[in-house]
Structures are given as structure tokens and as C-alpha cells.
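Student: Build me a model from this:
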Amino acid sequence: MQKLVGMALRWGKAGRWGKAGNVGKYAQVTCARRFPAPEPAGTQGIALTNQAPAQATAAHTASVPITSHLKAAIGWPLFIAQFITVALAYLIASIPPTLPALIEAIMTAVENPGAEPAEPVLGSALVASTVVASAVAGILVAWLWLRREGRWAEAIRLEAPANWRSTLGWAALGLGGTLVIFTLGAWLAEAMGLGAPDPTFILELVTESPALLALWIVAVAWFAAGFGEEVLYRGFLMDRLERLSGLRGRPWAVLVIQALLFGLPHAYQGMGGMMVTAMVGLFLGWIRNRCGGNLWAAIIAHAAVDTVSMSLAYADKIGWMTG
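Tutor: From the prediction side, this is the model:
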């Protein structure tokens, strides 16, 4: 018997267990994926048996939704620095595309000192480019911060969902729910004396031509707004807030704060627009949480809402809505 055990051990160490050994490892990984052990705060994965820690973390993060345990804390000074730098990058990046128009307006004013100052001419494609540039810059700075901490994949959950059908269902709910929020929110804003949201400025640019409509849908609705804003607000911002002292373990407080911050950049729509946009941000944040932190349902819902809004505005402009 001892001889048989010794032979088996030598055979296993020589890597000759073949399929039997692989089945054992597969069972361990599958069990870890379906029934993850509780993670201590500050960890990003589990080192599985006979697997390198980095590989185990990637496998675990890609297949298991974020659990309810508290994330590793960050300090308020770090959060403030991260928030300000991302916001500044977002704002500053929108300036370079407009410089030619600004310089032309300044030159016109210099050449005609007695004339009324002319406003810069910002065309539809130019405005769209500023939105895209802002999204790219904001995401880049957020990536640099998270890369420094080694938490990009943990904070920005862009791995393929375990169930795409369920994800698309949540996205459909997000689309329908957001359209309802726009309708009821506009009525509520007017009842409160805030005025209904007024996106006329943007929609006039979007509907200038079929080509510009396509540009705005692809570049703005799906990339800058759908992908970019969800990565920055429901990804980066919510992850940072979830790690702050006083907010850790308080998901509804995090949802409300990120929703208020999401409404602020939409000031061009008026006070009513800011309020309704904050309500949409609250709803999309809730969907993100219901999907275990994965962002794809919120991304698809956000992009679909903007696509529908732009398409309906164009249809109305060319008379399709009035028959």
C-alpha cells in the first residue's frame, strides 16, 4: 500500500495526472465562481489553489458580480484631488476645438472696434467634437488615477455580463423608465416653477442634417454620453464615493450624491433640466447597483435614450411627427 501511495505521489508531481487533475482544478475554479468566498475589505480577488494571485483575481472579477462587502477606503483629500482633476480635464478639453472660432470672433472685434461684439460661430460638428474631447480627457485622467491604485477593472465594471439577456432587460427598463422620468419630471418641474427642461440648443445642432444626426448619435449619444458619462459617473464617481468615510455601506447616500453631481453639468437645460437629469442619474445608478456594479445595462440605456430623443427631434423637424 505504501508503495502504491509513493508511486501515485511521484506520478502526480511529474505532472502525469492528466485529465483527472484538470477536472479537479476546473471544479475548484467553477465553485469559486459560483460561490465566491467573502473577500476582506481592500482585496480585489481570491488566490485560487494552484493559480497565480493575479490570474485568480482576473478570473474572479470577470465572472462574479461585486459582492456587498465594503470596499477598501480612500481618504477625502485623495477623493477631492481626483474629482477636481477629472472635472478640470473634462472642462479644459472642450476648449481647443473652439479656439479657431474664438480667435475669429476676437479678430472681428478688433477690426471693427465700434461694432457690437460678435459671438463665436460654433457649428454642429464643432460642438459635437467638444463633447467627445471632454469625455476622452475625463476618462483618461480617471484611468490614470485608478491605474495608480490598480483598481481600474474593479471600479469600471466593463467585463461581459454573465447573462446578456438579463442585462438587455435592465437596459430596456432603463430606457422606458428614463422616458417616463423625462415626461413626469418635466411636468413636476413646471409645477414647481422651475421651468421644463429645454434642450433646444443641442437639438437644433443635432437636426441640421441627416449626416450630422448620424454623427451625434454615434459620437455623442453612444460614445461621449452613453459610454463616457456612465464610466465617469456610475463607474468612477460611484466607486470613489463608496470608499469614503461616512458613505461606505450607505448605497442610497452614494446614489443621491452622484445623481446631484450628474445634474450640474446639464445647467444649459435650466433648473428644471438639472432636476430631471439628476432623477435620471439616480435611476441609472440604481440599475448599476442592481447589475452588481456592471455598467453595460446603464450604458445601453443611456445611449438608447439619447438616440431616441435625437431621432424624434429630427423626425419632428422634417414633419414626420405631424403626418
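
Student: Verify the contact between Gly226 and Ala303 for me.
Tutor: Yes - Gly226 is within contact range of Ala303, at 2.7 Å (criterion: Cβ atoms under 8 Å). Quick note: C-beta positions are derived from backbone N, CA and C, even for glycine.

Student: Tell me, please, where in this structure the pLDDT is lower than the cut-off.
Tutor: Residues of the chain that meet the criterion pLDDT under 70 lie in 1-68, 117-118, 120, 323.

Student: What segments of it are strands?
Tutor: For the chain, applying DSSP state E gives no strands.

Student: quick one: contacts for the residue nearest to Leu264 when sequence neighbours are not counted?
Tutor: Leaving aside its sequence neighbours, Leu264 sits nearest to Met274 (Cβ to Cβ, 6 or more residues apart in numbering; 6.6 Å). Shown in contact with Met274 (Cβ atoms under 8 Å, 6 or more residues apart in numbering): 263-264, 266-267.

Student: From Ala191, how far off is Met274?
Tutor: Applying Cβ to Cβ, to the nearest Å, the value for Met274 to Ala191 is 16 Å.

Student: same thing with Leu284?
Tutor: Distance of Leu284 to Ala191, given as Cβ to Cβ: 24 Å.

Student: quick check, nearest of the contacts of Met274 to Phe83?
Tutor: Using Cβ to Cβ, Leu264 comes nearest to Phe83 of those, at 12.1 Å.

Student: What is the neighbour count of that closest one?
Tutor: Leu264 is flanked by 11 other residues according to other Cβ atoms under 10 Å.

Student: What distance do you get for it to Leu312?
Tutor: 26 Å.

Student: May I ask you to confirm that Ala303 is in contact with Ala225?
Tutor: Yes - the pair Ala303 / Ala225 is scored as a contact, 6.8 Å apart, by Cβ under 8 Å.

Student: the more surrounded of the two?
Tutor: Ala303 (24 against 21).

Student: how many neighbours does Ala313 have?
Tutor: Ala313 has 18 neighbours, counted by other Cβ under 10 Å.

Student: same thing with Trp170?
Tutor: 20.

Student: and the closest residue to it other than its chain neighbours, how many neighbours?
Tutor: Closest residue to Trp170 apart from its sequence neighbours, by Cβ to Cβ, 6+ apart: Ala297 at 3.8 Å. When counting by other Cβ under 10 Å, one arrives at 26 neighbours for Ala297.
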